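K.L.:
Next one to model:
(chains A and B)
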Amino acid sequence: GDSVTQMEGPVTLSEEAFLTINCTYTATGYPSLFWYVQYPGEGLQLLLKATKADDKGSNKGFEATYRKETTSFHLEKGSVQVSDSAVYFCALSDIAGGKLIFGQGTELSVKP
Amino acid sequence: GAGVSQTPSNKVTEKGKYVELRCDPISGHTALYWYRQSLGQGPEFLIYFQGTGAADDSGLPNDRFFAVRPEGSVSTLKIQRTERGDSAVYLCASSLRHSTGGVNEQFFGPGTRLTVL
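P.N.:
So this is what the prediction gives:
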């Protein structure tokens, strides 16, 4: 079945460092891809999405590009802030239905 | 406007008891989803409704789990004969409508933390 694998955390960075969180997927067909974020004490929020190959999703300085050839959707940000500290989830939505399939999450901690 | 709300926020029960978890979606959202999130894991899909009917219940782990949405708005997840392994955060999400390809954003509630002693 469809699945998502993302790099294990926790990831600890200094403020203004470059961030990459790897995400790869297995799916039949061409799913839509998402990054969700969960800030401390808050619910899951959509960060960005891409619906077809080579699409780039972006929001709040974060970017991810849908790479069909490598089945990847890596999250990047050029300069992280302390306020980016959160758990990040990569997810896909299969073609047949609307349910989301999530990776296990990557905890990011940004130190001043 | 109001987001997705879930009640209770916390529920502690004893093994073998029955529990009900409630989800109030965003007004006008016809699609409603339930997920379960264990500690250190990503959410796992349980069931989704399009209107009043369960369109996909393939994620329900066994017949102790059941969900309803009788009027196409509020949904209740029901767990019979709870087990310690049912302890998790139960998340509800809603979206405008289900669409093939799943491009409609799902808005998540804060979750209900269920603890089975």
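K.L.:
correct me, but residue B:116 touches residue B:84?
P.N.:
Yes - between residue B:116 and residue B:84 there is a contact at 5.0 Å, judged by Cβ atoms under 8 Å. Yep, even glycine has a C-beta here, placed from its N, CA and C like the rest.
K.L.:
Show me the common contact partners of the two, please.
P.N.:
Residues touching both residue B:116 and residue B:84 by Cβ atoms under 8 Å, 6 or more residues apart in numbering or on different chains: residue B:15.
K.L.:
Please tell me the pLDDT value assigned to residue 18.
P.N.:
Here I'm looking at chain A. Listed pLDDT for residue A:18 reads 97.
K.L.:
oops, chain B please
P.N.:
pLDDT, read off for residue B:18, is 98.
K.L.:
contacting residues for it?
P.N.:
With Cβ under 8 Å, 6+ apart, residue B:18 has these contacts: B:78, B:79, B:80, B:81, B:82.
K.L.:
and which of those is nearest residue A:108?
P.N.:
residue B:79 (32.7 Å; Cβ to Cβ).
K.L.:
burial of that closest one, as a residue count?
P.N.:
22 (other Cβ atoms under 10 Å in any protein chain shown).
K.L.:
Residue B:66 now?
P.N.:
Residue B:66: 15 surrounding residues under other Cβ under 10 Å.
K.L.:
picking that back up, of the contacts of residue B:18, buried ones?
P.N.:
Buried by 16 or more other Cβ atoms under 10 Å in any protein chain shown: B:79, B:82, out of the contacts of residue B:18.
K.L.:
on that earlier part again, so residue B:116 and residue B:84 - more neighbours on which side?
P.N.:
Ranked by neighbour count (other Cβ under 10 Å), residue B:116 and residue B:84 place residue B:116 first, with 19 against 10.
K.L.:
Test for you: state the pLDDT assigned to that one.
P.N.:
At residue B:116, the pLDDT recorded in the model is 97.
K.L.:
partners of it in the sheet?
P.N.:
Residue B:116 has these beta-bridge partners by DSSP bridges: residue B:13.
K.L.:
Now for the residue nearest the centre of chain B: which residues touch it?
P.N.:
Central residue check for chain B by Cα atoms, centre = their mean: the C-alpha nearest the mean position is that of residue B:34, 2.9 Å away. Residues near residue B:34 by Cβ under 8 Å, 6+ apart: B:23, B:45, B:46, B:47, B:48, B:67, B:75, B:77, B:90, B:91, B:92.
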